[in-house]
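S.K.: One predicted model, sequence on top.
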Protein chains: 2
Amino acid sequence: MKTIPHKIYLSEDEMPRQYYNLRADMKKKPAPMLHPGTLKPVTAADLEPVFCKELVRQELDETTPYFDIPGEILDFYKIFRPSPLIRAYNLEQALNTPAKIYYKFEGNNTSGSHKLNSAAAQVYYAKAEGIKALTTETGAGQWGTALAEACAYFEMPLTVYMVKGSYEQKPFRKTIMQTFGAEIVPSPSDTTEVGRAMQKKFPNTSGSLGCAISEAIERAVSSPGARYVLGSVLNQVLLHQSIIGLETETAFAKIGDYPDVIVGCTGGGSNLGGLIAPFMRDKLLGKKDIDIIAVEPKSCPSLTRGKFAYDFCDTGKLTPLAKMYTLGSGFIPARDHAGGLRYHGMSPIISELYAAGQLRAKAYKQTEVFAAATLFARVEQILPAPESAHAILGAIDMAKKCRQSGEAKTILFGLSGTGNFDLAAYEQYQNGTMVDAVPTDADIKESLKTLPKV
Amino acid sequence: MKTIPHKIYLSEDEMPRQYYNLRADMKKKPAPMLHPGTLKPVTAADLEPVFCKELVRQELDETTPYFDIPGEILDFYKIFRPSPLIRAYNLEQALNTPAKIYYKFEGNNTSGSHKLNSAAAQVYYAKAEGIKALTTETGAGQWGTALAEACAYFEMPLTVYMVKGSYEQKPFRKTIMQTFGAEIVPSPSDTTEVGRAMQKKFPNTSGSLGCAISEAIERAVSSPGARYVLGSVLNQVLLHQSIIGLETETAFAKIGDYPDVIVGCTGGGSNLGGLIAPFMRDKLLGKKDIDIIAVEPKSCPSLTRGKFAYDFCDTGKLTPLAKMYTLGSGFIPARDHAGGLRYHGMSPIISELYAAGQLRAKAYKQTEVFAAATLFARVEQILPAPESAHAILGAIDMAKKCRQSGEAKTILFGLSGTGNFDLAAYEQYQNGTMVDAVPTDADIKESLKTLPKV
């Protein structure tokens, strides 16, 4: 038998030329987003003041299975894609498992995560429509960094509202975005009405993601020619992220294998949704039987303990309502270092698939996640992002089951990013000060009271 | 004409199977190192209490052109190698140059630099000889991180003496080394006689690289079964780093091109020495005419303003003497963020080639280096290490000359690492507080008085 190399790279010729829209093959489509005032399904006209037209079209189109990737986006992708599919030989050995473990590594770019895939697309479409500037918010900083990187490439002015607490505690994230030419505004700021009101009410606040979203949207709709962009949850974002799964599918075909199990971490759902897209298609069409596992933190368990209901996408209650697994838009997750997974809701696509039993979910505590991350770093020599380490632990658990059962299953997981900017969290883990805070049933019950009545 | 892809990857089958020893093809060999007590050329017996036997053999062998790379090292390399040769299409466009610019990117690993190439080899050889533990020192942290990563892979205990100032100011470097399982000791420490004496004499010192080297060597020679390892300057290190150049040579052959100009940054010389190895062979053998340029910081100009003389490799004057371009082992470079280039001396191999006119040298100020780094990040989407950015600026200058002359030269430079852990420096550059301190002639004259009389 031919040895499978450690890293399976595609050539640039083998890169996908189209995004795949998983909704086209879902019999039960995700429920439509609702206008927060009228409670009627949102229309293109509702969304176009906020998002550029092509992205609105992609957001609302649930029947077209494939969207051509414009050549300009492909050219940008060639700088950091195709990303490698890696055979985790050393992890397999460390676990003494008969399972074959593969991971798709999306951290091989300066922003350090999969977020750049959608940032590239969103900036390009905005540029092509003559949009003059973009705004967004960032909490942990992964999305802001990716967007700043894409804006540098396409020469698009960008303003990032960064939660003031992060702005002060994560100065390196600010610096890297500034290196790419972005303007960074600590939120709340005096550049918007929302921000000024917040500062007046809470002079010492360190800000919140909800407030930063509100400021970014206000700045976009009040600036001629500007638009707002968002890095997860939305259908358009999962569409762009399908490039992860499509490349993975091609790489598996090259080595004559196919995953029995797929594991991904989920915050808003863009990483998992992108990774599984073509595999879920095969599953929905009855061609393959795959065990698909979404992994989330116990501190923010939207799939495993949330409710499937209409809710706001932001804590400021400004956005349309989405039907999704949610802990309530007022849910404040306990301190957890997987900042990208601290989201009260979940992509409507992932939510609908979960409700239909097409994927299952698991939740882990952060200390066990960091133990898995440390093992992985030592044997596979990549320092994983805390978010991605949730998927590592999920894959390790499945590989251990294979050791018990003797099954040589093929396990695929998504390594969505690196932990180079998360070393304060690793430090906490090492010195024993990391705690596992898990919401009580009463906490979640209370938070779910914030659900809108629809 | 066939389009050259952005990234030229080799397959694992195409990876070099041997290191190349450039000394074998140098008519005038580098002068031998001298024992600091007897001033006679060092022998294997002198070195073996400090270094493991195979590394001593490699250090002293100036005639064997190729050394087989053991399979265990190759297996390790497959985790992060082959590294890509990248065509800088976007930089070419930004500079409007007819030149073709390529860079060999060595930052695609968690340690973030080329240092891992030699760390892998040194740890393997020590392990194979039954060495029980390793010690080293680290200043900026690149070498320590690479060595910790390699020690995690080969399960070798490691103690890193980290300059106390860095230990306190760069806690993330400490954390990443600890994640890989290394013991980190701030230097000066009370674990060695040298350290205790230093603490007694200077109770408030923040340490120095010289003292950290002395402590690491003392710890190695006083611990049964332990050895010391070093990340640059030595012949053995340049031998291991030849894998950079050998891969580059193969990649150029695949696309039917060959460099007219090669640019690399130089601190101790391991990155430049590795990158140019097979190309310098072609030049020495009269097969090719290549313009080879070593770039150093104006703050620490060993090639451009130093003296070619025997000197100590460390400020503590404990090591053998090497004949090299040096500013004097007592030279204290001005504040400069390219920590890896702040070395008073230079690899004896590079020094001998420079003395023979086989390569030329240029020095830049750090603010102009960071301007080049920022441009590069925006168009090529990789945040370069401050060290590597010296090579970027060197390549940009050559590409601009091509724009003036209309020549479509092929320019290769080494992108030896990423700047993910150097964002404090980028911040200084952005807020205008970065200064360019350059030693005066009197400073250098004074420092050269520390040269030993040989």
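M.R.: Yes, it's here.

S.K.: Please enumerate the helices of the stretch 301-450 of chain A.
M.R.: A:302-305, A:348-355, A:366-380, A:386-405, A:423-431, A:441-448 (DSSP state H, counting those that start in this stretch).

S.K.: Of these, give the one that comes closest to residue A:176.
M.R.: In terms of Cβ to Cβ, the element of the helices of the stretch 301-450 of chain A nearest to residue A:176 is helix A:423-431, at 14.5 Å. Yep, even glycine has a C-beta here, placed from its N, CA and C like the rest.

S.K.: Give the other helices and strands that that closest one contacts.
M.R.: Here helix A:423-431 touches helix A:366-380, helix B:171-179, going by 3 or more Cβ pairs under 8 Å, 6 or more residues apart in numbering or on different chains; DSSP states H and E.

S.K.: before we move on, the earlier item: could you dump the helices of the stretch 301-450 of chain A into CSV and include distance to residue B:309 and mean pLDDT?
M.R.: Listed next are the helices of the stretch 301-450 of chain A as CSV, based on distance: least, Cβ to Cβ, whole Å; pLDDT from 0 to 100:
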stretch, distance to residue B:309, mean pLDDT
helix A:302-305, 68, 98
helix A:348-355, 67, 98
helix A:366-380, 43, 98
helix A:386-405, 51, 98
helix A:423-431, 41, 94
helix A:441-448, 71, 95
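
S.K.: So for chain A, the centremost residue is which one?
M.R.: Residue closest to the average C-alpha location in chain A (Cα atoms, centre = their mean): residue A:270, at 3.8 Å.

S.K.: Enumerate every residue touching that one.
M.R.: The contact partners of residue A:270, taken as Cβ atoms under 8 Å, 6 or more residues apart in numbering or on different chains, are A:114-115, A:118, A:231-233, A:237-238, A:241, A:347.

S.K.: tell me which element residue A:166 is part of?
M.R.: Per DSSP states H and E, residue A:166 falls inside helix A:164-169.

S.K.: And residue A:451, by the same measure?
M.R.: Using DSSP H and E, residue A:451 sits in no helix or strand.

S.K.: in stretch A:188-202, what's buried?
M.R.: Residues A:188-189, A:191-192, A:194-195, A:198-199 are the ones in stretch A:188-202 that count as buried (16 or more other Cβ atoms under 10 Å in any protein chain shown).

S.K.: Check the residues you listed against chain B and report the nearest one.
M.R.: In terms of Cβ to the nearest Cβ, no member of the buried residues of stretch A:188-202 lies closer to chain B than residue A:189, at 19.0 Å.

S.K.: in what helix or strand does that closest one lie?
M.R.: Counting by DSSP H and E, residue A:189 is found in no helix or strand.

S.K.: picking up where we left off before, dump the contacts of residue A:270 to JSON lines, plus neighbour count, pLDDT and secondary structure.
M.R.: Converted to JSON lines, the contacts of residue A:270 look like this (neighbours: other Cβ atoms under 10 Å in any protein chain shown; pLDDT from 0 to 100; DSSP: H, G, I helix; E, B strand; the rest coil):
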{"residue": "A:114", "neighbour count": "33", "pLDDT": "98", "secondary structure": "coil"}
{"residue": "A:115", "neighbour count": "29", "pLDDT": "97", "secondary structure": "helix"}
{"residue": "A:118", "neighbour count": "28", "pLDDT": "98", "secondary structure": "helix"}
{"residue": "A:231", "neighbour count": "24", "pLDDT": "93", "secondary structure": "coil"}
{"residue": "A:232", "neighbour count": "24", "pLDDT": "91", "secondary structure": "coil"}
{"residue": "A:233", "neighbour count": "25", "pLDDT": "92", "secondary structure": "coil"}
{"residue": "A:237", "neighbour count": "30", "pLDDT": "98", "secondary structure": "helix"}
{"residue": "A:238", "neighbour count": "31", "pLDDT": "98", "secondary structure": "helix"}
{"residue": "A:241", "neighbour count": "29", "pLDDT": "98", "secondary structure": "helix"}
{"residue": "A:347", "neighbour count": "27", "pLDDT": "97", "secondary structure": "coil"}
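
S.K.: Quick check: of these, which lies closest to chain B?
M.R.: The closest of those, once distances to chain B are taken by Cβ to the nearest Cβ, is residue A:115, at 13.5 Å.

S.K.: quick one: that closest one and residue A:150 touch, right?
M.R.: No: judged on Cβ atoms under 8 Å, residue A:115 makes no contact with residue A:150 at a distance of 9.3 Å.

S.K.: related to what we said a few turns ago, mind putting the helices and strands packed on helix A:423-431 into a markdown table with mean neighbour count and distance to residue A:4?
M.R.: Shown next, in a markdown table, are the helices and strands packed on helix A:423-431 (neighbours: other Cβ atoms under 10 Å in any protein chain shown; distance: least, Cβ to Cβ, whole Å):
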| stretch | mean neighbour count | distance to residue A:4 |
| --- | --- | --- |
| helix A:366-380 | 22 | 15 |
| helix B:171-179 | 22 | 28 |
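
S.K.: Take these and write them to CSV, including distance to residue A:316.
M.R.: Below are those laid out as CSV (distance: least, Cβ to Cβ, whole Å):
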stretch, distance to residue A:316
helix A:366-380, 27
helix B:171-179, 33
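
S.K.: Now do the contacts for the closest residue to residue A:198 other than its chain neighbours.
M.R.: In space, and not counting its chain neighbours, residue A:198 is closest to residue A:188: 4.0 Å by Cβ to Cβ, 6 or more residues apart in numbering or on different chains. For residue A:188, the contacting residues are A:164, A:194-196, A:198-199, A:202, A:205, A:207, A:211, A:215, by Cβ under 8 Å, 6+ apart.

S.K.: Residue A:19 now?
M.R.: Applying Cβ under 8 Å, 6+ apart, the residues near residue A:19 are A:66-67, A:69, A:121, A:239-240, A:242-243, A:246.

S.K.: Now, of those, which are buried?
M.R.: A:67, A:69, A:121, A:239-240, A:242-243, A:246.

S.K.: Counting only helices, which of the residues you listed make the cut?
M.R.: Judged by DSSP state H, the buried ones among the contacts of residue A:19 include A:121, A:239-240, A:242-243, A:246 as members of helices.

S.K.: Dump these to CSV, plus pLDDT and distance to chain B.
M.R.: Rendered in CSV, the data for these read as follows (pLDDT from 0 to 100; distance: Cβ to the nearest Cβ, whole Å):
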residue, pLDDT, distance to chain B
A:121, 98, 15
A:239, 98, 22
A:240, 98, 17
A:242, 98, 22
A:243, 98, 16
A:246, 98, 19
